[in-house]
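Chemist: When you get a sec, could you give me coordinates for this:
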Amino acid sequence: MGKETLLEDYSTIVQRTFSDRKRTNILKRAEQSTIVFLLPKVPEFIPPNLLTLLGTFGSGLVSLAFVLGTYLANWYLLLGIIGLAINWLGDSLDGRLAYYRNIPRRWYGFALDIIADWIGIVLIGFGYYIYAQNDTQIVAFAFVALYGWSVIISQLRYKITNEYSIDSGFVGPTELRFIIAFILITEVLFEGSIAYLAGLITVILFVINIIDSLKLLKLGDFKDKNQD
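Modeler: Below is the predicted model of the structure:
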């Protein structure tokens, strides 16, 4: 098989597997290449729904890492990095596997993906709530609320533009996982730093949501003015 044929096959797989959404995140190319590499290696007996469950389990592992870090030793937070990797594996491969196998359930999968993502972020937020000091626990609540806001924005954008995107500019769920992993490592090395870093990320997420909301309202206004 020649190089051109391999490139054509890769392009075909990418087009079919990611046909239901638009990605704009920084790690898009590396992430898609990794997913395309992994998809053929998923055993046939593993259905997409099982991968969704795996992703939720990963979020639960992150939550458990916070609990263990609270009551045992803070180096248990590193377990959260494994949880984030598992979450990425399940969350990134579930729907892509369905499209790769030509068995997509577009609306069922869409609904399940949103529900699973929400459960996952609540688990992570709850874990951090337990780990955080009393005067910084509000950050955990704010993070979950702001993430929920970003989910609402993505659904409204889909409704208005008929184009589904899970990214906010150059930042998507994968980049967010890397940021959380960085925060966990930093907290292990410099205990107490998580309060400042989590607070900073929450503020940034708030600003991004404000910008995206304004863009969304502008899109809605444009569509209203151009409707027949």
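Chemist: from here on, contacts and neighbour counts on C-alpha atoms
Modeler: Noted.
Chemist: In the protein, what residue spans correspond to helices?
Modeler: In the chain, the helices defined using DSSP state H lie at 3-17, 28-38, 48-71, 79-100, 106-131, 137-161, 173-189, 193-225.
Chemist: For residue 167, find the nearest of the ones you listed.
Modeler: Closest approach to residue 167 among those (CA to CA): helix 173-189, 7.1 Å.
Chemist: Any buried residues in the closest one, and which?
Modeler: For helix 173-189, a neighbour-count test (16 or more other CA atoms under 10 Å) marks 173-175, 177, 180-181, 183-185, 187-188 as buried.
Chemist: Touching, residue 27 and residue 175? I think so.
Modeler: Yes. The pair residue 27 / residue 175 is scored as a contact, 7.3 Å apart, by CA atoms under 8 Å.
Chemist: Residues that sit against both of the two, list them.
Modeler: With contacts taken as CA atoms under 8 Å, 6 or more residues apart in numbering, residue 27 and residue 175 have no neighbour in common.
Chemist: and stretch 193-204, what's its mean pLDDT?
Modeler: Stretch 193-204 shows an average pLDDT of 92 in the prediction.
Chemist: do the same with stretch 112-129
Modeler: 92.
Chemist: Please state the offset of it from the chain centre?
Modeler: 10 Å (CA atoms, centre = their mean, to the nearest Å).
Chemist: List the neighbours of that stretch that are in contact with it.
Modeler: With CA under 8 Å, 6+ apart, stretch 112-129 has contacts from 52, 55-56, 59-60, 62-67, 91, 95, 137-141, 143-144, 147-148, 151.
Chemist: list the buried ones in it?
Modeler: So, applying 16+ other CA under 10 Å, buried residues of stretch 112-129: 113, 116-118, 120-129.
Chemist: How about stretch 150-169?
Modeler: Buried residues in stretch 150-169 (16+ other CA under 10 Å): 150-151, 153-157, 160, 164-168.
Chemist: quick check, distance from it to the centre of its chain.
Modeler: Relative to its parent chain, stretch 150-169 has a centroid offset of 14 Å by CA atoms, centre = their mean.
Chemist: Let's see that stretch as CSV, backbone CA atoms only.
Modeler: Only the C-alpha atoms of stretch 150-169 are listed here, as CSV (Å, rounded to 0.1, in the frame of the first residue of the first chain):
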residue,chain,number,x,y,z
SER,A,150,-20.5,26.5,28.6
VAL,A,151,-22.5,23.3,27.9
ILE,A,152,-25.7,25.4,27.5
ILE,A,153,-23.8,27.7,25.1
SER,A,154,-22.7,24.8,23.0
GLN,A,155,-26.3,23.5,22.7
LEU,A,156,-27.7,27.0,21.9
ARG,A,157,-24.9,27.5,19.3
TYR,A,158,-25.9,24.1,17.7
LYS,A,159,-29.6,25.2,17.6
ILE,A,160,-28.8,28.5,16.0
THR,A,161,-26.0,27.4,13.5
ASN,A,162,-26.9,23.7,13.1
GLU,A,163,-23.1,23.1,13.6
TYR,A,164,-22.0,21.3,16.8
SER,A,165,-18.8,22.3,18.5
ILE,A,166,-17.5,21.4,21.9
ASP,A,167,-14.7,23.9,21.8
SER,A,168,-14.4,27.5,22.8
GLY,A,169,-11.9,28.8,20.3
